[in-house]
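A.B. asks: Need a 3D model of the following:
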Amino acid sequence: MIPSILAAATVGLLTGCETTGLSSREHSGVSYPSYVLSLQPDPTNAPVSKLATPIRLAVVQIGESAPPSALLDKLAGQKALLVSAVGLPLPGEEDNSSYQRRAYVSTEDYANRTKKICSLARMAGADYVLLFGGNIDSWVSNNAFCALDITIIGGVILPGSEINLEGKGAGVVIEAATGNPVCFVNADTKDSGFSPDFLVDGKTADLRAQVRDALVGKLGDELLKTLAAAGTFSNTTLH
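C.D. replies: Next up, the predicted model:
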């Protein structure tokens, strides 16, 4: 009996798949691609400036009233690359349940929002804006042990559900004065864990939070690498 269960346990059954934004308030109608594809650079065709460190940076996360403080602290700690890093708001729609409301957010609406962010960044003394977002895919695979989830002890000892998550984050650095995109950064990460079927929702939420934190941290690291490379290039050019 037990050997047959163990053999069957290797066969997984996909039971669900879900996609959420990097922020829980970032969704299909308020997303990073929508903002990036709506960028409308300075109509005077002003040339895109090259990053020259140290810079003054405003940071906005799509769907949030403020970016994570851990990201701001990481960036602000690199004084050779950034003079300052200030967080600005870019909240999502108030009514996340209304598909009709999300479907009619126009490209012009996104462009106007980005212009307002750039204007607010200038008021805050920033020369550039880092706008970032992303998405997290999650799915659950059940094995033969899920039959034991009918008891609490059985589910804890031999959890029958494997939770898998894949996250992708992306950001664009925008020149606050012109609205021109200057550079892009990207990051991705994966995580997984086992859970009894009756605890899957809570375990998935915990893993999703970990993936979000990891993605934000990696985006910060990628930005710092980009700024360091820009500073090295500038110094080499000067010499």
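
A.B. asks: Poorly predicted segments of the protein, please.
C.D. replies: Counting by pLDDT under 70, the chain has low-confidence residues at 1-16, 41-49, 93-105, 143-160, 232-239.

A.B. asks: all helices in it, in order from the N-terminus.
C.D. replies: 2-8, 32-37, 69-76, 99-103, 107-123, 152-157, 200-238 (DSSP state H).

A.B. asks: now, of those helices, which is deepest in the fold?
C.D. replies: helix 32-37 (a mean of 18; mean count of other C-beta atoms under 10 Å). Heads up, the C-betas are built off the backbone N, CA and C, glycines and all.

A.B. asks: starting at the chain centroid, how far to it?
C.D. replies: What separates the centre of helix 32-37 from the centre of its chain is 13 Å, taken as C-alpha atoms, centre = their mean, to the nearest Å.

A.B. asks: hmm, who's touching it?
C.D. replies: Residues from elsewhere that reach helix 32-37 (C-beta atoms under 8 Å, 6 or more residues apart in numbering): 22, 26, 62, 105, 107, 110, 113-114, 131-134, 170-172, 181.

A.B. asks: Spatially, what comes nearest to Gly133 if we skip its sequence neighbours?
C.D. replies: Tyr32 (3.2 Å; C-beta to C-beta, 6 or more residues apart in numbering).

A.B. asks: Taking the contacts of helix 32-37, please make a ChimeraX selection of just the buried ones.
C.D. replies: The following ChimeraX line selects those of the contacts of helix 32-37 that are buried, judged by 16 or more other C-beta atoms under 10 Å:
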select :22,26,62,105,110,113,114,131,132,133,134,170,171,172,181
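
A.B. asks: one step back: any idea how far Leu22 is from the residue nearest to Gly133?
C.D. replies: Using C-beta to C-beta, to the nearest Å, Tyr32 is found at 8 Å from Leu22.

A.B. asks: same thing with Ala111?
C.D. replies: Distance from Ala111 to Leu22, counting by C-beta to C-beta: 21 Å.

A.B. asks: Then Gly87?
C.D. replies: Counting by C-beta to C-beta, the gap from Gly87 to Leu22 is 15 Å.

A.B. asks: do the same with Asp191
C.D. replies: From Asp191 over to Leu22 the distance is 14 Å, taken as C-beta to C-beta.

A.B. asks: now do Gly134
C.D. replies: As judged by C-beta to C-beta, Gly134 and Leu22 stand 4 Å apart.

A.B. asks: joint contacts of those two?
C.D. replies: Counting by C-beta under 8 Å, 6+ apart, the residues touching both Gly134 and Leu22 are 32, 167, 169, 215.

A.B. asks: Next, format those residues as a markdown table and append distance to Ala66.
C.D. replies: Converted to a markdown table, these look like this (distance: C-beta to C-beta, whole Å):
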| residue | distance to Ala66 |
| --- | --- |
| Tyr32 | 17 |
| Gly167 | 20 |
| Gly169 | 17 |
| Leu215 | 17 |
